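What would the 3D arrangement of this be:
(2 chains)
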Protein chains: 2
Amino acid sequence: MAEHLSQSELDYPFKLLEYFNGFRVSKMIFSACELGVFDLLLKSQDALSAQHVAQELGTSMDGMERLLDALVGIEILEVETAQGTALYSSTDVANLYLAKGSAKSLHDMIIYRSQTVYPLWNNLVDAIRSGRNQYEKTFGLPSGHFFQAIYRSEEEMLKFMGIMSCHWVLDGHDVVTAFDLSRFQKVVDLGGCTGALANEMARAYPASSVTVFDLPQVVEAAQKHFKQEDSGVTFQSGDFFSDEIPGADLYVLARVIHDWPEEKCLALLKKIYETCKPDRSIFNTAAHVWVTMLPI
Amino acid sequence: MAEHLSQSELDYPFKLLEYFNGFRVSKMIFSACELGVFDLLLKSQDALSAQHVAQELGTSMDGMERLLDALVGIEILEVETAQGTALYSSTDVANLYLAKGSAKSLHDMIIYRSQTVYPLWNNLVDAIRSGRNQYEKTFGLPSGHFFQAIYRSEEEMLKFMGIMSCHWVLDGHDVVTAFDLSRFQKVVDLGGCTGALANEMARAYPASSVTVFDLPQVVEAAQKHFKQEDSGVTFQSGDFFSDEIPGADLYVLARVIHDWPEEKCLALLKKIYETCKPDRSIFNTAAHVWVTMLPI
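Got it, this is the predicted structure:
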C-alpha cells in the first residue's frame, strides 16, 4: 500500500467504510434489476416519478423512492425536478448492461448473484472454518461438491449456464484476441459450457476448428437452450476427469481451475499435458493450456 | 454522470462490476474480523503463514489461504515471501480500525453489519415491495417497527448501542466542531443513546450543559455498560414522541430522523419547534434542530 494512501486512511478510513457498505451497493442494483426498474425506465420515453415507478412495479412508494435516490447516488440513474416532483431516468450504462433485453445485458448474472451467491456468502465464516461450500447451511441442499448443487435440476443448471454465458458477452472477444492464437488448428474448450467463448474463438480464428468438451447434460442444454451461431463450433460430451479428452493443439481452461482442489487440478493438467499435440517437446505446456483465473 | 466516465463505462463496465462484487468485499473483511484474523496478526510480532493462522484460529487451510490472499488484494493485509512460504502481516489501518481492542476499533460495527444487516439486506426486494422491515422474514421476529426487533433483549440492545457508539469514535469530534456551537448553553441530544456524541459535545464546549434524552432502558444501559467520561453529560429518560422533551437552546437529532416515517418526523420536529428556547422569533428552528442524515 502506498504510504500516503495508508496515512490518509489512518486519519479517516474512507476506503474501509466504502468496503463496509459494499454489500448495500450490490443489493441496491440487484434489487432494482429483480423489480424491473431498469426495464421500465428503458421502455419509458419520459423520466418517471417514484410514485409512477412504484405503481407500475407494485411496490411501496417509500421503498421505491429510497431505492431510486440511492441509485442516483451511485450514478446508475439520473434525476431532474419538474414542478417540485423528482423524475428519474436511466443512464446509458444501465440501459446497456442492466436492462433485461439489451445486447450486453448482465441480467442473468445479477439475478444469480442476488439470489444464490449473496446468501451463500452470508456463511463465509463457516466456509472458511470448514473449507466446504455452504449450499447445505444456506439452502438445505446435500453437501458435496458445489457442482452437485448447481446441477441439481435443469432449471438451476440453465441459470448457471446463463451467467457463464454472460461473462463472455463482456470479456470474450478481448480475451480470445489478447494473443494471436491463429497458429492453433484444433482448439478444445474443456468445460466450455454454452460455447459462448468457443464461438468468440471461432469467429476470431475462422481457420481453426473449435470443440466444446463438457458433461452430457451440459452439452445437451447448450444446444437446446442457447443460441448457437453458425460459427462451426462442435460439441463433444464427456467428463474431463474420468474420460479421455479429445486431442488438440490448444486447450482452453476458462473459469475451470478455480472450481477444484489442488489434486484434481494437477490430475487434469497432467492429463492435458500427456494428450497435448503435436509435439510437447516443441511447445511448452504453458502455451497450450490457457488458464484464466478470472473471478466468477 | 460526467460524459467521459459514462463513455468508458459503456465500453467496459468496470465500476458496475466492482459494485456487483461489493458484497464479497464486505463479507471478506467482516469474516476476517469474526474469525479473529486481525487480532492474531496484531498480537503477533512476526508475519504469519496461512497454515499458522489457520491452526491458531481453527479454520481450514484452504479457506484461510484464500481469505488472506483476498485481503492482500484489497490492501487490508500485506504479504511477503520467505523461503517459498507466503507470510502475512497486518497494515496500520487494519491494526487501528479492525483489531478488537484498539482505540478506534470498529469491531462492534462490523459484527453487527455482518450478522444482522447483511442478512436483512438479502430481503431488500421484499422490503421495497412491502415498505416494511424484514426482521420477520430474516430472523423470524415479530413484525413491527424495527426498534422492537433491535431492543428485543438487553443483549441485542447493547449490540446496537455498541455500533451507535462506534460511529462517533470516527466522526464525533469532527461533527461537533464543524460549526461553532459555543453560544448554545443548553444542549439536548434526543435519542442520544450511549452519550458518545454528547461527550464529544461536552468536551468541545465545556461551558454548555449537555443532556442525553432517550428511552429508560437505553439510559439505564448507557450508564451501566458504557464508560461515561467525566464530561458533565447528564441523562434524562423519556420517549420523545409521547413525553415532554426538556427545554434547550439546541436540539441534536443525530441518526434519528432516518429511522421514522414522514408523519412521525413531522410530529417530532413540530414538538421541538414548539419547545425551542430562548425565543424562536430570533433563531430559525433550522439553526436549533441539527439533523444529521449520515448512513447508519
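
buried set for the biggest helix by length in chain A?
Scanning chain A for the helix with the most residues, using DSSP state H, yields helix A:154-177. Residues of helix A:154-177 classed as buried: A:157-172, A:175-176 (neighbour count, 16 or more other Cβ atoms under 10 Å in any protein chain shown). All C-beta spots, glycine's among them, are computed from the backbone N, C-alpha and C.

Please apply the same query to stretch A:135-150.
A:135, A:137-138, A:141, A:149-150.

One more: stretch A:57-65?
A:57, A:59-60, A:62-65.

farthest-separated two in the residues you listed?
Pairwise distances across these peak at 13.8 Å for A:L57 and A:D62 (criterion: Cβ to Cβ).

Tell me which residues touch A:T211, please.
Neighbour list for A:T211: A:186-189, A:192, A:198, A:233-236, A:246, A:248 [criterion: Cβ atoms under 8 Å, 6 or more residues apart in numbering or on different chains].

rerun at 6 Å
Residues in contact with A:T211 (Cβ atoms under 6 Å, 6 or more residues apart in numbering or on different chains) are A:188, A:234, A:236.

Look up the closest residue to the residue of the stretch 101-250 of chain A found nearest chain B, ignoring the ones flanking it.
Closest residue of the stretch 101-250 of chain A to chain B, Cβ to the nearest Cβ: A:G131 (2.7 Å). Nearest non-adjacent residue to A:G131, counting by Cβ to Cβ, 6 or more residues apart in numbering or on different chains: B:S60, 2.7 Å away.

does chain B sit close to stretch A:162-179?
No - on the criterion Cβ under 6 Å from any Cβ of the partner chain, stretch A:162-179 is out of touch with chain B, staying 7.0 Å away.

which residues are contacting that stretch?
Stretch A:162-179 is contacted by residues A:104, A:106, A:108-109, A:112, A:193-194, A:196-197, A:200-201, A:204 when judged by Cβ under 6 Å, 6+ apart.

Report all helices and strands that the strand or helix carrying A:L87 contacts.
For A:L87, the element it lies in under DSSP states H and E is strand A:85-90. Strand A:85-90 sits against strand A:48-49, strand A:77-82, with contacts defined as 3 or more Cβ pairs under 6 Å, 6 or more residues apart in numbering or on different chains; DSSP states H and E.

Strand partners (parallel or antiparallel) of the longest one?
With DSSP bridges as the test, strand A:77-82 is paired with strand A:85-90 (antiparallel).

Next, the buried residues of the strand it pairs with.
Those buried within strand A:85-90 under the rule 16+ other Cβ under 10 Å are A:86-90.

Same list as before, the residues you listed that is, but in JSON lines and with pLDDT included.
Formatted as JSON lines, these follow (pLDDT from 0 to 100):
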{"residue": "A:A86", "pLDDT": "97"}
{"residue": "A:L87", "pLDDT": "98"}
{"residue": "A:Y88", "pLDDT": "98"}
{"residue": "A:S89", "pLDDT": "98"}
{"residue": "A:S90", "pLDDT": "97"}
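
What values do phi and psi take at A:S237?
Dihedral pair for A:S237: phi -90, psi 140, per degrees, to the nearest 10.

Contact partners for it?
Applying Cβ under 6 Å, 6+ apart, we find A:S237 in contact with A:216, A:219.

If we use 7 Å, what do you get?
A:S237 makes contact with A:215-216, A:219 under the criterion Cβ atoms under 7 Å, 6 or more residues apart in numbering or on different chains.
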